[in-house]
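S.K.: Requesting a structural model of the entry that follows:
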Amino acid sequence: MVALAQDLAGSSLAQVDLVISNVQDAGGLAKAAAMGLSSQCVDHRPFGKDRAGFETALRSVLDRASPDVICLAGFMRIVSADFVRAYEGRMLNIHPSLLPKYPGLHTHARALAAGDVQAGCSVHVVTEELDGGPILGQARVPVLSGDTEERLAARVLVQEHRLYPMVLRRFLGGNIDRLDLVG
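M.R.: Numbering: from 1, shown residues only. The predicted model follows:
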């Protein structure tokens, strides 16, 4: 979020109007406030297993902001097909693997367990299929001898902060051609 907001600061392409988290004490909310960005929490916990109720509350906040594009980053909730359809073609996500490899969780552990020689991250359009939308960009990093999940994750995160702003700028300009970076 910080990388995207910093990259767009002063840009004529877009501005960050609202930062939302579903976790009250998320670091991103404090960082948004420090950057002078409007932020809000829509806590999922009071909704229990009522995903539709949570998504209705989240959509209410989003719709008041009237975003042209929604950028997910660290949002660890699976959204329903109805939610995706409401923002179809306007919602992007960053994922810490070279999709289609390792959708979902524990991506770094899975890459290490598989003996992969490369790992990385992907920016994709959010669709109804978990981490299955069109890939707009990927950044690769080598898997090094002796890597741990934490070391690999740290190198991938550097590339996430590099890739996502580049892909977002291209997307905002109407360019959906895939961008591939080597870290």
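S.K.: All the helices of this protein, residue numbers only.
M.R.: For the chain, the helices defined by DSSP state H occupy 2-8, 27-34, 51-65, 81-86, 107-114, 149-172.
S.K.: pLDDT averaged over the last one, what's the number?
M.R.: Same thing as helix 149-172. When pLDDT is averaged along helix 149-172, the result is 98.
S.K.: Domains in this structure, by residue range?
M.R.: Following automatic domain parsing, the chain resolves into domains at 15-67, 70-183.
S.K.: got JSON lines for these, with distance to Leu4 too?
M.R.: In short, each C-beta sits where N, CA and C put it, glycine included. Converted to JSON lines, the domains of the chain look like this (distance: least, C-beta to C-beta, whole Å):
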{"stretch": "domain 15-67", "distance to Leu4": "7"}
{"stretch": "domain 70-183", "distance to Leu4": "6"}
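S.K.: Give me whichever of those domains is most buried.
M.R.: Greatest average neighbour count among the domains of the chain goes to domain 70-183 (a mean of 17), per mean count of other C-beta atoms under 10 Å.
S.K.: and the gap between the residue nearest in space to the middle of the chain and Ser21?
M.R.: Central residue of the chain (C-alpha atoms, centre = their mean): Ala73, 2.9 Å from the mean position. Distance, Ala73 to Ser21, by C-beta to C-beta, to the nearest Å: 10 Å.
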